[in-house]
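Enquirer: Requesting a structural model of the entry that follows:
(one chain, ligands or ions: 1)
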Amino acid sequence: MDWALVTGACSGIGLELARGLAKRGHPLVLVSNREKELAEAAASLRAAHGVEVHAVVMDLARAEAGPELYAEAKARGVEVGVLVNNAGILHFGEVAEMPGAKVNAMLQLHAVTPTMLARLFGAEMRERRRGQILIVSSISAFRPYPGIAIYSASKRYLFDFADALRHELLPWGVNVTCLAPGAVATGLYDSRVDVNLAKKTGVMVEAAFVADRALTGLFEGRALVVPGFGAKLLGLLMQLAPGWVVGVLRRRTGLLPMPPPG
Ligand SMILES: NC(=O)c1ccc[n+]([C@@H]2O[C@H](COP(=O)([O-])OP(=O)(O)OC[C@H]3O[C@@H](n4cnc5c(N)ncnc54)[C@H](OP(=O)(O)O)[C@@H]3O)[C@@H](O)[C@H]2O)c1
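Expert: Numbers count the residues shown, from 1 in each chain. The predicted structure follows:
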């Protein structure tokens, strides 16, 4: 079985994707920047599925992270056949108020690192004429969202990048699938979102459900996976909705923060 490399693999959707890949028999390279949690995830997947698992602790929100991770995989003698670009962060707030370090981290993590990983591992897959690349975007990529402008715009970058990359690599036998989940019950959200309530009311789906749909779509060679009817409907409605609807959402919910005019 091909090695699968999963970024952001110690929690949420990434952990479930790693579990799904291990169930299918893929040996794994798990990457995240929390050592203890990553070691626990690696040990539990090894024990449950009997696959080889490497744990690489690395901060992927840095300009050099992509080439460093590629070099680390080479040093470990791993030939990556399935690349899962999943790691992500969400900072709520207006651009003018966001600390520069948070802006930089989101852009590195959502744009630079996944692009470099796809460039480096994708070139090898193209040479071998086989491979799978999963790029995790979001339905928030389907339109601009003031209040989470950098998050949604960087997820839009991933959405467009995955589409174009797919057209470049498909003739070489390499599949690229974009995953665009709706709201998923994970640790991505800060305290303004009651994840347990959202899960109970069906507003959010489970990460395991999303991962299952994503892997099925990936290995079927689909261009885009939007898991669940609710996410498909919300994604479509928000694409069609006029700007004032987003304005109302901003005023009425705490989700797209809007400071009072000074
Ligand atoms: N939850 C949703 O509603 C939703 C919806 C659409 C799309 N998504 C996307 O799904 C992906 C996974 O998110 P999630 O919901 O599963 O949230 P999560 O549980 O917070 O997972 C995010 C993962 O990214 C890793 N990560 C964050 N910053 C990192 C860094 N600097 N270096 C290395 N790894 C880093 C985290 O590892 P550490 O904990 O070690 O930092 C964690 O494993 C993200 O790209 C997110 O944008 C989520």
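
Enquirer: Who are the contact partners of residue 20?
Expert: 211, 212, 214, 215 (C-beta atoms under 8 Å, 6 or more residues apart in numbering). For the C-beta atoms, the positions are set from N, CA and C on the backbone; glycine is no exception.

Enquirer: before we move on, what about residue 66?
Expert: Contacts here follow C-beta under 8 Å, 6+ apart; on that basis residue 66 touches 112, 113, 114, 115, 116, 117, 119, 120.

Enquirer: backbone phi and psi for it, please?
Expert: Main-chain torsions, residue 66, degrees, to the nearest 10: phi -60, psi -60.

Enquirer: Would you check how far apart it and residue 142 are?
Expert: 26 Å (C-beta to C-beta, to the nearest Å).

Enquirer: quick revisit: now list the buried members of the contacts of residue 66.
Expert: Neighbour-count burial (16 or more other C-beta atoms under 10 Å) applied to the contacts of residue 66 gives 112, 113, 114, 115, 116, 117, 120.

Enquirer: Specify the local secondary structure of the residue of the stretch 51-200 of the chain found nearest the ligand.
Expert: Sorted by distance to the ligand under C-beta to the nearest ligand atom, the residues of the stretch 51-200 of the chain start with residue 88, at 2.2 Å. Assigned state for residue 88: coil (three-state reduction, DSSP: H, G, I helix; E, B strand; the rest coil).

Enquirer: number of nearby residues for it?
Expert: Applying other C-beta atoms under 10 Å, we find 24 other residues in the vicinity of residue 88.

Enquirer: tell me, how many neighbours does residue 90 end up with?
Expert: Burial measure for residue 90: 18 neighbouring residues, criterion other C-beta under 10 Å.

Enquirer: repeat for residue 231
Expert: As a burial measure, residue 231 scores 22 neighbours (other C-beta under 10 Å).

Enquirer: Counting residues, which helix of this structure comes out longest?
Expert: Identified as the longest helix of the chain according to DSSP state H is helix 149-169.

Enquirer: Return the set of buried residues in that helix.
Expert: Of all the residues in helix 149-169, those buried under the rule 16+ other C-beta under 10 Å are 149-159, 161-162, 165-166, 169.
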